[in-house]
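Participant: here you go, sequence then predicted model.
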Amino acid sequence: MEITGFDLLLIIIIGHCLYLILSFKSIPQRNKGANKILQYLLIIYGCILLEGVLVFKIKDLDVLMHYRGITTAIYFIIGPLIYTYLRRLLFSENGSYNLTVLHYLPAIIFLFYSVLIIITYDYLREYKRFLIASYFLFELFAIISISIYCYKSYRLSRYFQISERLELSFNQTISKYINRILFIMSACMFAWSISVIDRYISKFHGNFFTDLIWLLFGAQAYVIGYYSLKQPKIFKIRLPENDQNKSVKKNKLSKDEINKLQKLMNSFLEDKKGYVQPRLSLPILANQIGTTSNNLSWLLNNVYGKTFYQLINEYRVKDFLQRVDKEDYKELTLISIALEVGFNSKSTFYKAFKEIKKITPSEYISKIENSKQAKKN
């Protein structure tokens, strides 16, 4: 059996998957429930890549059609696992979240169908067109299944990103990681679709798109590995039920309650400078002033007309500007001052500053310096 350079690359990625699976016990278990699903995904990706190494080494079409369905049934598990992983990773009280068995029913059905083919193959081998059509439909349904769960996962990710701005005063890198995973999987489904058309209809591109599919699965394994080894602490978002969403909208505060909450917020943010806490969130602030997250969210939306992210970063930028007026920037770097007023990263600071002042911090300093120079002249 000849081993090509492409085969060696896939074998290296398989080794990477195996290393990650075994390494999870030694990785800080901040996201234990989600990491368990990751292990399952990595096992599946390893099996898919192993199939990529072996499948075209088998020249006997009868052998491929006889047994291949047993391994390919696992493709139907990928979509539900990705969705379950995101639910456990991003949302509070979802650490043990599981989809019902109905979501895994296509994998079970195809597995039984593959076993039936093995048992009756001596009879079915005379009906190769039927077998080819069956595998064509399998691949088509698998692509549709994974694509549907990718779409559901994308919507889940969007809800998380929107909720971040409502509940957090800082940016998290988790969204970039999730977007990469979903983008690579979407690219994989596109390549698989082209591969199916090519293999069953046009037969023009050879194995190019099939090889690309395995490379994209391997790319996912590396993205997962990089993130898993870093394991940042994630501030999870609540995922309310529909009836909870309705109750938030209806939860109108009286004038006395609004005045009381405003005074408590002003005391916390202006007198105590609570905004300098880099990990400040809506639930933390609600707890500090003795109210609920729903009440505070209603107040911000209906009275202030701002998200939590906007309100807190306005206080931080205001504090930053006061320090600039005192010429603190001549002794400290702009990032040092930004961190002191509560920003948790350079990117968050620059983004918030530009949203509020419409120019970058450096441009603002230059403007101040030019104004002072003009007055001297």
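Facilitator: Yep, that arrived. Residues are numbered from 1 along each chain as shown.
Participant: rest of the way, CA atoms for contacts and neighbours
Facilitator: Fine.
Participant: what stretches of the stretch 151-300 of the chain score poorly on pLDDT?
Facilitator: 203-206, 229-233, 240-251 (pLDDT under 70).
Participant: how about 50 then?
Facilitator: 242-250 (pLDDT under 50).
Participant: can you give me phi and psi for residue 168?
Facilitator: Main-chain dihedrals, residue 168, degrees, to the nearest 10: phi -120, psi 150.
Participant: chain neighbours aside, what residue packs nearest to it?
Facilitator: Nearest-residue entry for residue 168: residue 281, 4.4 Å, with adjacent residues in sequence omitted and distances by Cα to Cα, 6 or more residues apart in numbering.
Participant: for the longest helix seen in the chain, packing partners?
Facilitator: Secondary structure of the chain per DSSP state H: the longest helix is helix 128-167. Applying 3 or more Cα pairs under 8 Å, 6 or more residues apart in numbering; DSSP states H and E, we find helix 128-167 packed against helix 75-90, helix 174-197, helix 282-288, helix 308-325.
Participant: in the shortest one, which residues are buried?
Facilitator: So the one you mean is helix 282-288. Of the residues in helix 282-288, 282-283, 285-286 count as buried by neighbour count, 16 or more other Cα atoms under 10 Å.
Participant: now for residue 22, how many residues are close by?
Facilitator: As a burial measure, residue 22 scores 11 neighbours (other Cα atoms under 10 Å).
Participant: for it, give me its contacts.
Facilitator: Residues counted as contacts of residue 22 (Cα atoms under 8 Å, 6 or more residues apart in numbering): none.
Participant: returning to what we had before: what angle sits between the longest helix of the chain and helix 308-325?
Facilitator: Relative orientation of helix 128-167 and helix 308-325, computed by axes from the mean of the first three to the mean of the last three Cα atoms, to 10 degrees: 50 degrees.
Participant: want to throw the helices and strands packed on helix 128-167 into JSON lines with distance to residue 138?
Facilitator: Output for the helices and strands packed on helix 128-167, formatted as JSON lines (distance: least, Cα to Cα, whole Å):
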{"stretch": "helix 75-90", "distance to residue 138": "9"}
{"stretch": "helix 174-197", "distance to residue 138": "11"}
{"stretch": "helix 282-288", "distance to residue 138": "47"}
{"stretch": "helix 308-325", "distance to residue 138": "46"}
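Participant: would you mind finding the most buried of those helices?
Facilitator: Burial of these is given as mean neighbour count (mean count of other Cα atoms under 10 Å); helix 75-90 ranks first at a mean of 23.
Participant: now do the contacts for residue 38.
Facilitator: Applying Cα under 8 Å, 6+ apart, the residues contacting residue 38 are residue 85.
Participant: for the one 5 residues further on, same thing?
Facilitator: When contacts are counted by Cα under 8 Å, 6+ apart, residue 43 is found next to 17-18, 21.
Participant: before we move on, what SS does residue 278 have?
Facilitator: State at residue 278, reduced to three classes by DSSP: H, G, I helix; E, B strand; the rest coil: coil.
Participant: my guess is it meets residue 171, correct?
Facilitator: No - using Cα atoms under 8 Å, residue 278 makes no contact with residue 171, being 10.2 Å away.
Participant: for the residue lying closest to residue 24 once chain neighbours are set aside, give its distance to residue 89.
Facilitator: Take residue 24 and drop its neighbours on the chain: the residue closest to it by Cα to Cα, 6+ apart is residue 35, 7.5 Å away. Computed with Cα to Cα, to the nearest Å, the distance linking residue 35 and residue 89 is 8 Å.
Participant: with residue 41 instead?
Facilitator: Distance, residue 41 to residue 89, by Cα to Cα: 14 Å.
Participant: do residue 51 as well
Facilitator: Using Cα to Cα, residue 51 is found at 29 Å from residue 89.
Participant: let's have the buried residues of helix 282-288 in a markdown table, adding distance to residue 114.
Facilitator: Listed next are those as a markdown table, based on distance: Cα to Cα, whole Å:
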| residue | distance to residue 114 |
| --- | --- |
| 282 | 52 |
| 283 | 51 |
| 285 | 56 |
| 286 | 56 |
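Participant: which ones are touching residue 170?
Facilitator: Residues near residue 170 by Cα under 8 Å, 6+ apart: 278-280, 309, 343-344, 348.
Participant: mind checking the SS state of it?
Facilitator: coil.
Participant: for the remainder of this discussion, apply numbering that starts at 411.
Facilitator: Okay, using 411 as the starting number, the last item reads as residue 580.
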